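# coords please:
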Amino acid sequence: MNEFAEIKESNKKLLNSQIINGEHEITAFPYQMFIDPSNICNLKCPFCANFLKRHNYSNEKTNPIMPFQTFVKLIDEIGPYLIQVVFGDKSEPLLNKEIYKMIAYAKKYGIHCQMSTNFNLFRKEHAEELMNSGLDSIIVGLEGTTQESYSRYRVGGDFNRVIENIKIVVETKKRMRRYIPSIQWAYVVFQHNENEIKAAEKMSKKLGVNGFRWIPGDIYDFKINYKNWLPKNEKYTKYRVYKSGKDVRIVHLDGPSCVQTDIKNLKVPCITPFVTVSVDANGDIFPCINGDLRESRGFGNISEMSFKEIWNNRHYKEMRQFLITGKNLTGNPIYCERCYTAKKTDIVFTE
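Prediction:
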């Protein structure tokens, strides 16, 4: 047990009780953080929020790469309370050359560290640095079993290079006698690759990957894209299509919360803004991992003020009140009001 374990557990219990009690001013800290060490990506995946709305909230201060000292300032303040940090939310973390240094620093606070990556930029000479950083798990986004199917979504990616990089990590773990990082193959399902899922899972086992999971893909601009991208097998999609003549209705099946919880009798529709924080490379703080909503600047910038000041500022408190009461009590724009997932609004159009 690390020296911060008791602090983290006490903080989580306090936070959960404050959520249950319907408090909009939170004295506890979030226990999960999604952070983008870079605001850019080497690929151009067609339905990625980064690609679709990259820097819509940018201004003259926007940095594509997070400076190490910005990360240190944030972790020094909330690291003792964080249980997990996910590096790579809406961008490619390996574009930041100090990524392994960041991971190692976070591990000093006993934080479980996970990296989500397309893994195209990894190189063999970084294998030992990766191992020594203390990273707990790597989530590799890899859709398909051939370059042709893979590059349909991962535009600009090299399937064979990703496979080779997975082999390098597996072999290095064996050579250094390490059991971490675990390697998880994340397979985003669309119509063109749904018939390769079993083959991909079989391939993952042969490579020595620790886990394989398929994920229903997000789709945008349904009127244009749903026929070519939506899986035929409803098992692999979070959408349902209902047609009446030329009228089409798309129903979103996802639950409203992006974060799973063990809280019983939860009264708020989404706990994400209570337990999670999302940080971009510029140091902007967002209450949610939903990249669709990032059309404006965040709730504050960690380079300009403390996290504690941001965590209970007007924007956060008004948003939590909205989730607790279901009403906008101030008349000010509320971040969650534009959330498609939370509203679960059907998409209706005529072909």
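# after the lowest-mean-pLDDT helix or strand in the chain, next one along is what?
Using mean pLDDT, DSSP states H and E, helix 340-343 stands out as the lowest-scoring helix or strand of the chain, at a mean of 57. If you walk from helix 340-343 toward the C-terminus, the next helix or strand you reach (DSSP states H and E) is strand 347-350.
# which parts of that following strand are buried?
With burial defined by 16 or more other C-beta atoms under 10 Å, the residues of strand 347-350 counted as buried are I347. C-beta here means a position set from N, CA and C on the backbone, and glycine is covered the same way.
# helices or strands up against it?
Contacts of strand 347-350 with other secondary structure elements, assessed using 3 or more C-beta pairs under 8 Å, 6 or more residues apart in numbering; DSSP states H and E, are made with helix 222-229, strand 247-252.
# so which other helices or strands are in contact with the following helix or strand past the longest one?
Right, the one you point to is helix 222-229. Later in the chain than helix 222-229, the nearest helix or strand by DSSP H and E is strand 239-244. Counting contacts by 3+ C-beta pairs under 8 Å, 6+ apart, the secondary-structure elements packed against strand 239-244 are strand 247-252.
# quick check: mean pLDDT across the helix or strand M319 falls within?
Here M319 is covered by helix 314-325, with elements defined by DSSP H and E. Model confidence over helix 314-325 averages 87 on the pLDDT scale.
# who's in contact with K8?
By C-beta atoms under 8 Å, 6 or more residues apart in numbering, the contact set of K8 is 31, 80-83, 110.
# N118 and L43, how far apart?
When distances are taken as C-beta to C-beta, to the nearest Å, N118 and L43 turn out to be 6 Å apart.
# and for these two, which residues touch both?
Between them, N118 and L43 share the neighbouring residues 92, 154, 157, with contact defined by C-beta under 8 Å, 6+ apart.
# now the first one: how far from F29?
The one in question is E92. 27 Å.
# ok, back up a step: by neighbour count, which of the contacts of K8 wins?
The member of the contacts of K8 that has the most neighbours, counting by other C-beta atoms under 10 Å, is L82 with 24 neighbours.
# which one is that one nearest to, not counting chain neighbours?
I111 (5.0 Å; C-beta to C-beta, 6 or more residues apart in numbering).
# same check on I7?
Once flanking residues are discounted, I7 sits nearest to P80: 5.1 Å by C-beta to C-beta, 6+ apart.
# using the three-state scheme, assign the one you found.
With DSSP: H, G, I helix; E, B strand; the rest coil as the basis, the three-state label of P80 is coil.
# follow-up on the earlier one: more neighbours: N118 and L43, which one.
Looking at N118 and L43 with other C-beta under 10 Å, you find the greater number of neighbours at N118, namely 23 against 19.
# now for the closest residue to that one other than its chain neighbours: which residues touch it?
Closest residue to N118 in three dimensions, ignoring its sequence neighbours and counting by C-beta to C-beta, 6+ apart: G141, at 5.1 Å. G141 is in contact with 116-119, 154, 186, 188, counting by C-beta under 8 Å, 6+ apart.
# let's see 10 Å
Going by C-beta atoms under 10 Å, 6 or more residues apart in numbering, G141 touches 43, 45, 48, 88, 92, 116-120, 150, 153-154, 157, 162, 185-188, 215.
# residues near A199, how many?
13.
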